[in-house]
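Q: sequence and predicted structure below; questions after.
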There are 2 protein chains.
Amino acid sequence: MRFETSTIKDIAKALGLSTSTVSRALRDRYEISEETKKLVLAYAEKVNYRANPIALSLKERRSYSIGIIVSEIANNFFSQVINGIESIAYDRGYHVIISQSHESHKQEKLNVEHLASRSIDGLLIALSSETQDITYLRNLYSKGLPIVFFDRVPEDFDTHKVIANNFKGSFDATEHLILSGKRTIAHLTNSENLSITKERLKGYQAALAKYHIEFKPELVKYCQHGGMHSAELEQAVKELLPYKPDGIFISSDRLTTGCIMALKKTNPEVAHKIAIAGFTNSNLVELFSPSLTSVKQPAFEMGQVATELLISMIEAKREITEFETKILDTELVRMQKNIGNRFL
Amino acid sequence: MRFETSTIKDIAKALGLSTSTVSRALRDRYEISEETKKLVLAYAEKVNYRANPIALSLKERRSYSIGIIVSEIANNFFSQVINGIESIAYDRGYHVIISQSHESHKQEKLNVEHLASRSIDGLLIALSSETQDITYLRNLYSKGLPIVFFDRVPEDFDTHKVIANNFKGSFDATEHLILSGKRTIAHLTNSENLSITKERLKGYQAALAKYHIEFKPELVKYCQHGGMHSAELEQAVKELLPYKPDGIFISSDRLTTGCIMALKKTNPEVAHKIAIAGFTNSNLVELFSPSLTSVKQPAFEMGQVATELLISMIEAKREITEFETKILDTELVRMQKNIGNRFL
DNA sequence: GACGTTTTTGGGAACGTTTGCACACTTTTT
DNA sequence: AAAAAGTGTGCAAACGTTCCCAAAAACGTC
């Protein structure tokens, strides 16, 4: 069974014209007489003609589609980024193809190469927490595939990047904990090789320093799998508790929710005694118990900005040599004591 | 700037062979001598040759990609379905293209037609809550586009469908509320024209009937936009409260979280007094306060089953006349009093 | 060594488009 | 009346593949 549509050839045959005439009439070229144009347009309308994008892609060697790689679409941050990407892409006539790495380097590479071979015009990617070696991306890039990184970006890769102001977001969150009287503030974070991990650690340290609180490395726990494995997370929490933290600053969406979950599960008696501040774009934060202070990333906007940069690369006439790293501000949503904790 | 890859032509030229020979060598056809095959394969490997899928699509008039339409990817249920779809699709050599309707009929139609014109081989769709008129889908279907519906399915459309056992899920949830002593149980639900709305209403009614509780239409509130507009939801909740419900059964993911949110916002003093049971696939349910009993749909499995059915349609030699409607069981996750309510 | 087989290779059309070029016809200019 | 210019159309190539068909090469057989 095959999906059948009418082609330019069908129209040409039906109208006794050549394919070139039909093509030109449809594209409203000046060479074609008004009369013929009307005829063709009317008939095309009648048979509901749609140009075959596959044929166009082959001809023009581009597909008007852009690839997206995120670790997980079931993640508020990423799904919001995707919405931002779509909002711009569709306006500019591009289609998006979404792939998930599930935080696996292997899967990420596989997906990117699949996308590349499917003639995407450009790639938007947030690296998986496992990824360290990005030579495969360098290869594609050097062959002419435009790439824009967002959120999790590599350090030494000369292209456009869009990130949140991770330093400031972390600083603010940590400071908030300090100002609410916490002094033993742990830091639960992602894989050490991610850019966001490093930046957020710095913000945390800076806030501690500002208030003359000693930075203790043993209070920092890294989760290689970014919260994908609950066992890893529970282990980290377990290792943290003996230090009796009165606050935890958590550096990613999945880890934040996962950590609260782990706390409730393994140590319900302390779960409500530890103040939590963490990165998350969940729109359900208000429902959480214990409640928390959250750092919201401008996800939608990030998607938009990244897409604009990518399309500008795709459509650039000459080679681009000047690249930007856009930094967008995060938003601190303070714990709502009057709601979330009313019932404690 | 254009993305450059090596083609069969390049290989042919480099090796002094014809394109046909190269093509056959790469596809390991019997006609080609071992020697030539080795030569070609080695060279192809060296230049990292990848067949151009666009060219293949044009030639074979199929794209090995399947379209997905859901209302929102930032919805646990749908993102889990998508994961299920992907798990099967990739195994079978298909790529997926995801589009969101955002519960808008217009957007849904636009997206479907865009996908169709991009030569998808088949379509997996959960209708938007607005959708009533599906003639556009009938047209595509009659032109030979295989379609499988999941979750939100139309009544009179002869094709494969995959749904949850909505009746039983609703029955169980409502019965659970009754068994915990609730007698005035409201029902907050989606747009009236969705299949799931009707089925879930029936389950709710049946449970009431079993325990000889009178069904009161005024306790049922429909949300046309499926919880996309918080105003609509707040209004519904506001209209419900005067009846002093001691339990609410809610029939969709978004509505469930939205309703709790609305309750907390507008009437925090009663939020914890009303028992809530609702459909949701959120993996954060354990964090919610007030806690709730949830009906979990087998989302991942639903995606898998739907995809298998779709691929069987795509790859069918002859026309299919027998269609199935697969019904998958839901899971009732009871409120965990020992955790969620400990701090009430 | 002539002929028939078998094995291996190449030519060219096709998938649906766009577009440079050439052609035919009409109109204008000289 | 002839040349030039303008208008409208068609031919054919190209994008990267696959595959039917034919051709060439290699091998046996008598």
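A: Structure received. Please read these numbers as outputs of a predicted model, since none were measured by experiment.
Q: and the gap between the residue in the stretch 101-250 of chain A positioned nearest to DNA strand C and A:Gln80?
A: Using CB to the nearest atom of the strand, the single residue of the stretch 101-250 of chain A nearest to DNA strand C is A:Ser119, 13.2 Å away. Bear in mind the C-beta positions are built from the backbone N, C-alpha and C, glycine included. Taking CB to CB, to the nearest Å as the measure, A:Ser119 falls 27 Å from A:Gln80.
Q: need the contact list for the residue nearest to A:Leu287 when sequence neighbours are not counted.
A: Leaving out its chain neighbours, the residue that sits closest to A:Leu287 by CB to CB, 6 or more residues apart in numbering or on different chains is B:Phe288, at 4.6 Å. By CB atoms under 8 Å, 6 or more residues apart in numbering or on different chains, B:Phe288 lies in contact with A:284, A:287-289, B:257, B:260, B:340.
Q: now do A:Glu199
A: A:Glu199 touches A:163, A:166-167, A:170, counting by CB under 8 Å, 6+ apart.
Q: present the residues you listed as a markdown table; the columns should include secondary structure.
A: Listed next are the contacts of A:Glu199 as a markdown table, based on DSSP: H, G, I helix; E, B strand; the rest coil:
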| residue | secondary structure |
| --- | --- |
| A:Ile163 | strand |
| A:Asn166 | helix |
| A:Phe167 | helix |
| A:Ser170 | helix |
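Q: and of those, the nearest to DNA strand D?
A: Using CB to the nearest atom of the strand, A:Ile163 comes nearest to DNA strand D of the contacts of A:Glu199, at 35.4 Å.
Q: could you look up the SS state of the closest residue to A:Leu219 other than its chain neighbours?
A: Spatial nearest neighbour of A:Leu219, excluding adjacent residues (CB to CB, 6+ apart): A:Ala186 at 4.4 Å. Going by three-state DSSP, the secondary structure assigned to A:Ala186 is strand.
Q: A:Ala186: neighbouring residues, count only.
A: 29 (other CB atoms under 10 Å in any protein chain shown).
Q: for it, give me the pLDDT.
A: Turning to A:Ala186, the model gives it a pLDDT of 96.
Q: for it, name its beta-bridge partners.
A: When bridges are called by DSSP bridges, A:Ala186 pairs up with A:Ile248.
Q: look up how far A:Tyr64 lies from it.
A: 48 Å.
Q: again with A:His102
A: Noted for A:His102: a distance of 27 Å to A:Tyr64, by CB to CB.
Q: and the residue nearest to A:Leu287, its phi and psi?
A: Main-chain torsions, B:Phe288, degrees, to the nearest 10: phi -70, psi 150.
Q: and the contacts of the helix or strand that contains A:Ile276?
A: A:Ile276 belongs to strand A:275-279 when assigned by DSSP states H and E. For strand A:275-279, contacts defined as CB under 8 Å, 6+ apart pick out A:169, A:173-174, A:176-177, A:180, A:182, A:188, A:200, A:246-253, A:255-256, A:259-260, A:290, A:292-295, A:297, A:330, A:335.
Q: one more: stretch A:38-51?
A: A:5-8, A:10-11, A:14-15, A:17, A:21-22, A:25-26, A:32, B:116-117.
Q: please repeat the previous calculation with a cut-off of 10 Å.
A: Stretch A:38-51 is contacted by residues A:5-8, A:10-12, A:14-15, A:17, A:21-28, A:32-33, B:113-114, B:116-118, B:139, B:143 when judged by CB atoms under 10 Å, 6 or more residues apart in numbering or on different chains.
Q: whichever of those residues end up buried, select them in PyMOL.
A: Buried members of the contacts of stretch A:38-51, defined by 16 or more other CB atoms under 10 Å in any protein chain shown, are picked up in PyMOL with:
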select buried, (chain A and resi 5+7+8+10+11+12+15+17+21+22+23+24+25+26+32) or (chain B and resi 114+116+118)
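Q: picking that back up, next structured bit after the strand holding A:Ile276?
A: Criterion used, DSSP H and E; the element after strand A:275-279 is strand A:293-296.
Q: so is that next one next to chain B?
A: No - Strand A:293-296 is not in contact with chain B by CB under 10 Å from any CB of the partner chain; minimum separation 12.6 Å.
Q: again with stretch A:98-112
A: Yes - for stretch A:98-112, a contact with chain B is found by CB under 10 Å from any CB, at A:98-100, A:102, A:107, A:110-111.
Q: which two of the residues you listed have the greatest separation?
A: Greatest spatial distance among these (CB to CB): A:Ile98 and A:Leu110, at 14.6 Å.
Q: neighbour count for these two, which is higher?
A: Per other CB under 10 Å, whichever of A:Ile98 and A:Leu110 has more neighbours is A:Ile98, with 25 against 15.
Q: for the more buried one, name its beta-bridge partners.
A: A:Ile68.
Q: tell me if I'm right that it and A:Phe78 touch.
A: Yes - using CB atoms under 10 Å, A:Ile98 is in contact with A:Phe78, at 9.3 Å.
Q: now do the shared contacts for the two.
A: Counting by CB under 10 Å, 6+ apart, the residues touching both A:Ile98 and A:Phe78 are A:68-70, B:73.
Q: now stretch A:257-273, how far from the centre of its chain.
A: 28 Å (CA atoms, centre = their mean, to the nearest Å).
Q: mind listing what's buried along that stretch?
A: Buried, per 16+ other CB under 10 Å, within stretch A:257-273: A:257-264, A:271-272.
Q: contact residues of the stretch 51-200 of chain A facing DNA strand D?
A: With the criterion set to CB under 7 Å from any atom of the strand, the stretch 51-200 of chain A comes near DNA strand D through A:55, A:58-59, A:61.
Q: how about the residues of chain A near DNA strand C?
A: A:7-9, A:19-20, A:23-24, A:26-27, A:49-52, A:55-56, A:58-59.
Q: show me what contacts A:Thr330?
A: A:164-170, A:172-173, A:203, A:279, A:281, A:294-298.
Q: hmm, I was thinking of A:Asp246
A: A:177, A:180-186, A:270, A:273-275 are the contacts of A:Asp246 under CB under 10 Å, 6+ apart.
Q: what's the answer for A:Glu31, then?
A: With CB under 10 Å, 6+ apart, A:Glu31 has these contacts: A:20-21, A:24-25.
Q: cool, and A:Leu58?
A: The contact partners of A:Leu58, taken as CB under 10 Å, 6+ apart, are A:52, A:119, B:52, B:54-59.
Q: in ChimeraX, select just the buried ones from those residues.
A: Entered in ChimeraX, the line below selects the buried ones among the contacts of A:Leu58, by 16+ other CB under 10 Å:
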select /A:52,119 /B:52,54,57,58
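Q: picking that back up, nearest to DNA strand D among the shared contacts of A:Ile98 and A:Phe78?
A: A:Ile69 (23.2 Å).
Q: look up the closest residue to the closest one, ignoring the ones flanking it.
A: Per CB to CB, 6+ apart, closest to A:Ile69 is A:Ile125, 4.3 Å.
Q: what's opposite the one you found in the beta bridge?
A: Counting by DSSP bridges, A:Ile125 is bridged to A:Ile69, A:Phe149.
Q: I'd say it and A:Ser101 touch.
A: Yes - counting by CB under 10 Å, A:Ser101 is a contact partner of A:Ile125 at 8.7 Å.
Q: neighbour count winner among these two?
A: Counted by other CB under 10 Å, A:Ile125 and A:Ser101 do not tie: A:Ile125 has more neighbours, with 27 against 24.
Q: if we can go back for a sec, just the buried ones from the residues of stretch A:98-112 next to chain B?
A: A:98-100, A:102, A:107, A:111.
Q: and which of these is nearest DNA strand D?
A: After measuring these against DNA strand D - CB to the nearest atom of the strand - the closest member comes out as A:Asn111, at 19.8 Å.
Q: what sits against that closest one?
A: A:67-69, A:97-102, A:104, A:125, A:128, B:90, B:95.
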